[in-house]
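Enquirer: I need the structure of the sequence given here:
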Amino acid sequence: MAAHPSQGIQTLLEAEKEAAKIVQQARQYRVQRLKDARSEATREIEEYRRVKEDEFKAFEASHAGNISNAQVAIDKETDVKLQSITEALLDRVVLIKPELHRNLKKGALRGPGGTVVR
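Expert: Numbers count the residues shown, from 1 in each chain. Below you'll find the predicted structure:
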């Protein structure tokens, strides 16, 4: 009878070792699945980033011509406006109309030496 209870204990110990081995394999499997999921996610993110960068470059290339054309048009318009403003300023500076001040009273003009000039 003594051999029989120790055989039951031995069977339980073997079952416990087998269960521990199964749990360890399950943990390793889970860790490996997490690593695989991370690497897959990283790969998908990189692929998505590459696709979006290509789309952006294509968009940028298609609109770059419009931007440069608009810049050229704005530069021409600015040059025309600057030229007209410069001409208007020069006309004002060069065209001189000498007039007496409106507050000046006639007959109150004084010449050199303080003499009244009429």
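Enquirer: report the central residue of the chain.
Expert: Phe56 (12.8 Å; Cα atoms, centre = their mean).
Enquirer: distance from the chain centre to the host helix or strand of Gln32, please.
Expert: In this assignment (DSSP states H and E), Gln32 forms part of helix 3-94. When distances are taken as Cα atoms, centre = their mean, to the nearest Å, helix 3-94 is centred 16 Å away from the chain's centroid.
Enquirer: elements contacting that helix?
Expert: Based on contacts counted as 3 or more Cβ pairs under 8 Å, 6 or more residues apart in numbering; DSSP states H and E, there is no element that helix 3-94 packs against. (Glycine included, C-beta is placed from N, CA and C.)
Enquirer: re the thing from before, now the residue nearest to the centre of the chain: how far from Arg50?
Expert: Going from Phe56 to Arg50 by Cβ to Cβ, to the nearest Å gives 11 Å.
Enquirer: check the gap between Glu53 and Ala64 for me.
Expert: From Glu53 across to Ala64, the span is 16 Å (Cβ to Cβ).
Enquirer: ugh, wrong one, Ile45
Expert: As judged by Cβ to Cβ, Ile45 and Ala64 stand 28 Å apart.
Enquirer: same question, Lys35
Expert: Here the distance between Lys35 and Ala64 works out to 43 Å (Cβ to Cβ).
Enquirer: how about Lys52?
Expert: Using Cβ to Cβ, we find Lys52 at a distance of 18 Å from Ala64.
Enquirer: just Ser39 next, same as before
Expert: Ser39 sits 37 Å away from Ala64, going by Cβ to Cβ.
Enquirer: if I look at Lys106, how far off is Lys97?
Expert: According to Cβ to Cβ, Lys106 stands 19 Å off from Lys97.
Enquirer: same check on Val72?
Expert: Summarising the geometry, the distance separating Val72 from Lys97, computed by Cβ to Cβ, is 41 Å.
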